[in-house]
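K.L.:
When you get a sec, could you give me coordinates for this:
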Amino acid sequence: MSKQTVRFACQNCGYISPRWTGRCPECGEWNSFVEELVNEDRRSKIENRKSKIEIVPLSEVEVAEGKRLSTGIEEFDRVLGGGLMPGSVILIAGDPGVGKSTLMMQLARYEKLGKILYVTGEESRAQVRVRAERLGIKNLDNLFVLAETDLEAITKAVTEFNPPVLIVDSIQTIYHPDIMSSPGSVSQVRECSAKLAQLAKLTGTAVFIVGHVTKDGVAAGPKVLEHIVDAVLQLEGERHYAFRILRANKNRFGSTNEIGIFEMQETGLVEVENPSEIFLSERSYGASGSTVTAAIEGTRPILLEVQALVTPTGYSVPQRTSTGLDYRRLSIILAVIEKRMG
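P.N.:
I've put the predicted structure just below:
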């Protein structure tokens, strides 16, 4: 019987400590340590594992497997850097209800991607079917569903089924049976993501990992998760507005400057072909305090509206606020304008 030891892991950065402490010495977060149980015989299993080691010159490496696959969604391909790279691992994070699962489900509309294995840990197979029909996905034979949270069972299914695309929704619900902690903990997220990355490289399957976000809007889980994956995509959007912005915070196979713009409709996320027209649709032409500026996002310019409002204040010291723009950056811009332009 394996011996178990107790350790404490920071839920914010993944720092491991033999005892509980109030403040993490690595990231400075308070009350972030949780207790974990670790099997002592895991290291011996790793050391005794025998595998064939093959070293080859880079000139002999085949590049046929490196050709990108189109997702059928032009805005999505733009953010990915021109398409989906086989064997890549992509983390897509966002607030609850922003459309992460919807965007993943829409990949099944493009038949050229081949078989798509959708691993759901948050919904039943019937719920996935209902959502697919609501989105108007007709090619349901192209989408295969696995309602499973055990990582070893998922690995076995992928090895036998060999799909070109694997979607895991979400990483916070997946667990490794050798890790004695609850799903979503630092150890579970770190181990499961590392195993999925290894699986992607061995099989050539492109893996999408759906992840949650913290209250600060960053991907939940240890920072090592972002280092393991090849790309980190953030789906952003206000709850009361229909538009969503997909941006890459990390991308090993493309630029991080590109963004994709979508509109949430009854049939799912619809691409916005002309973002400038959408952003300027509610602008009142000729109104004071309003102007149009051009911002470069990746390889395309986007027209945006900048508004300014000045009113008398009842305070002894005037106040300056900003919405949609970092206040410190605004202060620097205004200081330069005042100093150089008078």
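
K.L.:
May I ask which helix or strand encompasses Ser281?
P.N.:
Using DSSP states H and E, Ser281 sits within no helix or strand.

K.L.:
ok, so what distance separates the spatially closest residue to Gln172 that is not a sequence neighbour from Gly298?
P.N.:
Spatial nearest neighbour of Gln172, chain neighbours left out: Gly184 (4.0 Å); criterion: CB to CB, 6 or more residues apart in numbering. Using the backbone N, CA and C atoms, a C-beta is placed for each residue, glycine as well. As judged by CB to CB, to the nearest Å, Gly184 and Gly298 stand 33 Å apart.

K.L.:
same thing with Gly97?
P.N.:
On the measure of CB to CB, Gly97 and Gly298 end up 27 Å apart.

K.L.:
Mind checking which of those two has more residues around it?
P.N.:
Just comparing Gly97 and Gly298: by other CB atoms under 10 Å the higher neighbour count belongs to Gly298, 17 against 11.

K.L.:
Confirm the residue nearest to Gln172 sits in a helix?
P.N.:
No: according to DSSP: H, G, I helix; E, B strand; the rest coil, Gly184 belongs to no helix; its state is coil.

K.L.:
Identify the residue nearest Gln4 in space, chain neighbours excluded?
P.N.:
Gln4 sits nearest to Leu37 (CB to CB, 6+ apart), 4.9 Å away.

K.L.:
how far away is the one you found from Gly260?
P.N.:
Counting by CB to CB, the gap from Leu37 to Gly260 is 42 Å.

K.L.:
for Leu303, same thing?
P.N.:
17 Å.

K.L.:
What of Gly324?
P.N.:
For Gly324, the distance to Gly260 - CB to CB - is 19 Å.

K.L.:
cool, and Glu62?
P.N.:
The gap separating Glu62 from Gly260 is 31 Å, by CB to CB.

K.L.:
Comparing the two, which residue is more hemmed in?
P.N.:
Gly260 (26 against 6).

K.L.:
ok, now which ones touch that one?
P.N.:
Residues near Gly260 by CB atoms under 8 Å, 6 or more residues apart in numbering: Glu75, Phe76, Arg78, Val79, Ile245, Leu246, Arg247, Glu271.

K.L.:
ok, so of the residues you listed, who is nearest Thr21?
P.N.:
Minimum distance to Thr21 across these is 35.4 Å, recorded for Arg247 (CB to CB).

K.L.:
where does that closest one fall, phi/psi-wise?
P.N.:
Main-chain dihedrals, Arg247, degrees, to the nearest 10: phi -130, psi 150.

K.L.:
so how many other residues sit close to it?
P.N.:
As a measure of burial, Arg247 has 19 neighbours, counting by other CB under 10 Å.
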